[in-house]
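[1] below: sequence and its predicted model.
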Amino acid sequence: GARVRMFPNLVNCCTIDWFSAWSDQALKEVSMKFLAEAPGLAEVSESVSAVFAMVHTSVIQKSDKMLEELKRYNYVTPTNYLELVKGYLLLLGEKRKELGDQISKFRNGIEKLDDSKQQVEVMSAELEVKKKEVAVAQKDCEEMLVVIVKDRKIVDEQQKNVEAESVKISKEEAETQIIADDAQRDLDEALPALASAEEALNALNKKDLSEIKAYAKPPSLVEMVMNA
């Protein structure tokens, strides 16, 4: 006090504000005013305000006990209380945003699942149609395979007949060639005789013919020549 009196101007220019502690009701009213500005807290604003007041009061009590036991000050002012309420509202907004984002993601996931379900239903319907088409095509293929097997049997029989006929023709051709060779050989043997006969014929004259006519019965050789 003596040191302060040495600076009267400092004392004269200062104003001391004495703040008394807020009652529980005042704490609740202040917090409820802030909570009323936040949507969706009307039903729980009184309960939350009571928790705020209890926390603030308990901190003041613990601070007084610390001062008594440890001789250390921990100042708890209404500003701290307002920071508590504002901090709660700030954290509430962040959590609501996180929850909203999660809800949005969940809804998007549900919508995608619904879209996927619809696509699966459409694909399932198309698959059933394709199954029927494949069954019809498979039946047609089986019927066609039966026809092909039947035609193949006919072709095989025809091929066997052709091969047998070819063997027969080859045999007949060989036999014909043998006959032709024999005939050619006989012809080759007869040609010289024919040439000799032609020469003998060309050598005949009227006298020879008259002599032949004079025979009542010509000799056998002359008769054979005349018959030829």
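    Cool, got the structure.
[2] what about the helices in this structure?
    Under the criterion DSSP state H, the chain carries helices at the ranges 2-5, 8-12, 24-36, 45-70, 78-203, 206-214, 220-227.
[3] looking at those, which one is packed in the most?
    With neighbours defined as mean count of other C-beta atoms under 10 Å, these peak in mean count at helix 24-36, which reaches a mean of 17. Glycine gets a C-beta too; all of them are placed from N, C-alpha and C.
[4] check what contacts that one and list those residues.
    22, 41-42, 45-46, 48-50, 52-53, 56-57, 78, 81-82, 85-86, 89 (C-beta atoms under 8 Å, 6 or more residues apart in numbering).
[5] turn the helices of the chain into CSV, including mean pLDDT.
    Shown next, in CSV, are those (pLDDT from 0 to 100):
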stretch, mean pLDDT
helix 2-5, 74
helix 8-12, 74
helix 24-36, 92
helix 45-70, 93
helix 78-203, 88
helix 206-214, 68
helix 220-227, 64
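[6] check the gap between residue 72 and residue 65 for me.
    Separation of residue 72 from residue 65 (C-beta to C-beta, to the nearest Å) stands at 11 Å.
[7] intersection of neighbour lists for those two?
    Shared contacts of residue 72 and residue 65, defined by C-beta under 8 Å, 6+ apart, are absent.
[8] list the contacts for residue 132?
    With the criterion set at C-beta under 8 Å, 6+ apart, residue 132 makes contact with nothing.
[9] now do it against residue 76, distance only.
    81 Å.
[10] could you do residue 109 as well?
    Here residue 109 is placed at a distance of 46 Å from residue 76 (C-beta to C-beta).
[11] quick one: residue 186 and residue 193, what's the gap?
    11 Å.
[12] again with residue 102
    Using C-beta to C-beta, which is the criterion applied here, residue 102 is 127 Å from residue 193.
[13] residues near the nearest residue to residue 92 once chain neighbours are set aside, how many?
    Using C-beta to C-beta, 6 or more residues apart in numbering and skipping residues adjacent in sequence, the residue nearest residue 92 is residue 38, 6.7 Å away. When counting by other C-beta atoms under 10 Å, one arrives at 15 neighbours for residue 38.
[14] just want the phi and psi numbers for residue 38.
    phi -90, psi 130 (degrees, to the nearest 10).
[15] and if you look at residue 37?
    The phi/psi pair for residue 37 (degrees, to the nearest 10) reads phi -80, psi -20.
[16] quick check, pLDDT for it.
    At residue 37, the predicted lDDT confidence score is 88.
[17] which ones are touching residue 66?
    By C-beta under 8 Å, 6+ apart, the residues touching residue 66 are 72, 74.
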